[in-house]
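Colleague: Structure, please.
(one chain, ligands or ions: 1)
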Amino acid sequence: MVKDILIKGNAKMGSEVYIFNLPPKKTCTPTAWCLYGRNGKPACYALRNRYVFPSVISALEERHALSLQEDFVERMSEEIKRKKAIFFRFHSAGDFYSEEYARKVIEISKSCPNTLFRTTTRRRDLTDVLQELNSLPNFIVRESLDNERPKPVMGLPFTALSHMDIVKKEKTYRCLDDCPACDYYCWQHRDNINFDEF
Ligand code: SF4
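Modeller: From the prediction side, this is the model:
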C-alpha cells in the first residue's frame, strides 16, 4: 500500500511541489511519438526510466484504485491541505481517464483554493470538462502537443516541443526545467509553454 497519496517534486521541480500520478497508457491516449518517438522506443518519459520499475508501476496502479474510491475527493483535499501544498501537478504520468474522474479533480481544486494546480492532457475526448477545469482560478490545463499532434484543438493553452513550428508562430514561454529558478512560472501564468525533449 502506498504510504503517501502525494509525492514530492523532484530536484528540478523543487520542494514546494506535490504530484499525483496515474498509470500511463491505461489513462492516457498515447500518440506514436509517445510510444516510439525516441529511436523506436518511448519518447514519453512516463514510459521509460524509473517508471518501468515494478515498484513504481504498482504505486501508480494503487493511486488509480484510490481515484476510483468514493472518498477520493475528501482524502486528496485533506492531504493537500495537511501538506500546505503551494504548487500541485496532476499527472507527470497518466491523464484524465474519464469525465467522472475529471469532475473529482474539479472538486479537489475548489476545496483547496490556496493551492495552484496545473496539468497537461492529450484527452481530446474530454475537452468540455477539461475546459471547465481550466476555467477555475487556481487550475491551468494545457494541451500536450507533439510531432503527431502539432496543432491545438481543445481551446486550452498548450505545451509543445521547442523545435515545433507552432513555437515559431505562437507566443510561448520557454521552460527552464528548473522550477525554483523560473519562480514556478507555468503555475502562475496561462501562457503556452515550450520545452526541450529530454
Ligand atoms: S516553466 Fe518553469 S515552473 Fe514550469 S515546469 Fe518549466 S521550469 Fe518548472
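
Colleague: CA atoms only for the longest helix along the chain - export them in CSV, please.
Modeller: In the chain, taking DSSP state H as the definition, the longest helix is helix 54-68. Taking C-alpha atoms only, helix 54-68 is exported to CSV below (Å, rounded to 0.1, in the frame of the first residue of the first chain):
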residue,chain,number,x,y,z
PRO,A,54,7.8,-2.8,-10.8
SER,A,55,7.5,-0.8,-7.5
VAL,A,56,6.6,2.4,-9.4
ILE,A,57,4.1,0.6,-11.7
SER,A,58,2.4,-0.9,-8.7
ALA,A,59,2.3,2.5,-6.9
LEU,A,60,0.7,4.1,-9.9
GLU,A,61,-1.9,1.3,-10.0
GLU,A,62,-2.7,1.9,-6.3
ARG,A,63,-3.3,5.6,-7.0
HIS,A,64,-5.6,4.7,-9.8
ALA,A,65,-7.5,2.4,-7.5
LEU,A,66,-7.7,5.2,-4.9
SER,A,67,-9.0,7.7,-7.5
LEU,A,68,-11.9,5.3,-8.1
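
Colleague: what about that helix, average pLDDT?
Modeller: Across helix 54-68, pLDDT averages out at 92.

Colleague: Please list the residues outside that helix that contact it.
Modeller: 1-2, 5, 20-24, 26-27, 50-51, 72, 75, 93-94, 97, 101, 104 (Cβ atoms under 8 Å, 6 or more residues apart in numbering). (Glycine included, C-beta is placed from N, CA and C.)

Colleague: Please apply the same query to stretch 167-176.
Modeller: 159-162, 182, 185-186, 189, 191-196.

Colleague: Include distance to the ligand, neighbour count and secondary structure when you put the residues you listed into JSON lines, please.
Modeller: Shown next, in JSON lines, are those (distance: Cβ to the nearest ligand atom, whole Å; neighbours: other Cβ atoms under 10 Å; DSSP: H, G, I helix; E, B strand; the rest coil):
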{"residue": "159", "distance to the ligand": "9", "neighbour count": "21", "secondary structure": "strand"}
{"residue": "160", "distance to the ligand": "13", "neighbour count": "25", "secondary structure": "strand"}
{"residue": "161", "distance to the ligand": "13", "neighbour count": "19", "secondary structure": "strand"}
{"residue": "162", "distance to the ligand": "12", "neighbour count": "14", "secondary structure": "coil"}
{"residue": "182", "distance to the ligand": "4", "neighbour count": "14", "secondary structure": "coil"}
{"residue": "185", "distance to the ligand": "4", "neighbour count": "15", "secondary structure": "helix"}
{"residue": "186", "distance to the ligand": "3", "neighbour count": "23", "secondary structure": "helix"}
{"residue": "189", "distance to the ligand": "9", "neighbour count": "12", "secondary structure": "coil"}
{"residue": "191", "distance to the ligand": "9", "neighbour count": "16", "secondary structure": "coil"}
{"residue": "192", "distance to the ligand": "11", "neighbour count": "21", "secondary structure": "strand"}
{"residue": "193", "distance to the ligand": "6", "neighbour count": "21", "secondary structure": "strand"}
{"residue": "194", "distance to the ligand": "9", "neighbour count": "21", "secondary structure": "strand"}
{"residue": "195", "distance to the ligand": "7", "neighbour count": "17", "secondary structure": "strand"}
{"residue": "196", "distance to the ligand": "10", "neighbour count": "10", "secondary structure": "coil"}
